[in-house]
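Asks: Quick one, structure for this:
(one chain, ligands or ions: 1)
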Amino acid sequence: MTFDGVHKSFGKNVVLDDLHFSVGAGERVTLIGPSGSGKTTILRMLMTLTRPDRGTISVDGDYLYHEKSGDQLVPASEAHIRKVRSRITMVFQHFNLFPNMKVLRNVTEAPIHVLGTPKDEAEAKGKELLELVGLGDKLNAHPSQLSGGQQQRVAIARALAVDPDVLLLDEVTSALDPEIAAEVLDVLRDIAKSTDVTMLLVTHAMKFARDVSHRVLMFNEGKIIEDASPEQLFNEPEHDRTKSFLRSVIDES
Ligand SMILES: Nc1ncnc2c1ncn2[C@@H]1O[C@H](COP(=O)(O)OP(=O)(O)OP(=O)(O)O)[C@@H](O)[C@H]1O
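Replies: Now for the predicted structure:
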């Protein structure tokens, strides 16, 4: 995935300023930085929930928002954007499960209705994923009957059910109690180890970020001010702003 010259303002508020970075296939990259530094905006752009003002974003060479016509980039058709976008899924801070659907149906809905996967195949895979996140006994529960941590684990299974190329995780434990958050992070640690899905994570759980990331990007005022391995960034940050940010984070992961 590549962001090239991406700029985004909301009114006078410049949120991303000529942003350039790439994430390789299978790489796990964590975005850190103070509140308002544009991390969620980046994930939302990949989900086509927020549009960049300028610049290009591509996933495995396929442009989101644009497509190639000879040497030129031209605005993409809805169908093209949908195709690129269908390879990306996101887990949100507040779970966003379908409240009226049972747990298994939450997980099988997109495979069946978006990808056209046969129902029995989608259900078999859904059950496998719900086992993987420790919820094999909750297939027929409704989301409201589950704890926050369980709901988030369903959301993780749901995101994986479409076999995404890119998984986006946006502060997925910040709405949870620390103990419950730790369980969800353990599930994600296992998934990170057992899949080769590309992951872009926004989290304040620094120990977790250190465990699962290949690279960490420190954002400040719309720019990446440090791009390093977790060892380098957490042990020997170069930038004073990174040092002060890391001192301010209370890590419960
Ligand atoms: N739809 C919107 N309209 C106006 N301003 C917005 C909108 N979405 C985001 N912003 C602003 O953009 C800036 C960046 O927001 P973003 O959520 O990307 O930051 P963040 O780094 O993820 O912060 P946090 O760690 O608090 O989630 C903030 O100042 C926010 O208020």
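Asks: contacting residues around the host helix or strand of R189?
Replies: Element membership of R189, judged by DSSP states H and E, is helix 178-194. Applying C-beta atoms under 8 Å, 6 or more residues apart in numbering, the contact partners of helix 178-194 are 28, 132-134, 147-149, 152-153, 156, 160, 169, 172-174, 176, 199, 205, 208, 211-212, 252-253. No exception for glycine: its C-beta is placed from N, CA and C like everyone else's.
Asks: Check the offset of that helix from the chain's centre.
Replies: 14 Å (C-alpha atoms, centre = their mean, to the nearest Å).
Asks: for stretch 231-239, same thing?
Replies: 23 Å.
Asks: what is the mean pLDDT for the host helix or strand of R82?
Replies: Using DSSP H and E, R82 sits in helix 78-85. Computed over helix 78-85, the mean pLDDT rounds to 93.
Asks: What segments of the stretch 51-200 of the chain are helices?
Replies: 78-85, 103-110, 119-132, 148-160, 178-194 (DSSP state H, counting those that start in this stretch).
Asks: Please identify the most buried of these.
Replies: helix 148-160 (a mean of 24; mean count of other C-beta atoms under 10 Å).
Asks: returning to what we had before: of the helices of the stretch 51-200 of the chain, which approaches the ligand most closely?
Replies: helix 178-194 (15.9 Å; C-beta to the nearest ligand atom).
Asks: average pLDDT for the closest one?
Replies: Mean predicted lDDT for helix 178-194 stands at 91.
Asks: Report the inter-axis angle for it versus helix 148-160.
Replies: Taking axes from the mean of the first three to the mean of the last three C-alpha atoms, to 10 degrees, one finds helix 178-194 and helix 148-160 inclined to each other by 20 degrees.
Asks: these two touch, right, D60 and P164?
Replies: No - look at D60 against P164 with C-beta atoms under 8 Å: they stay out of range, at 11.8 Å.
Asks: which residues do those two both contact?
Replies: With C-beta under 8 Å, 6+ apart as the test, D60 and P164 both reach R87.
Asks: of the two, who's got more company?
Replies: Using other C-beta atoms under 10 Å, the more surrounded residue of D60 and P164 is P164, with 18 against 13.
Asks: just checking, the more buried one touches I88?
Replies: Yes - counting by C-beta under 8 Å, I88 is a contact partner of P164 at 6.0 Å.
Asks: For T48, what is the enclosing helix or strand?
Replies: Using DSSP H and E, no helix or strand contains T48.
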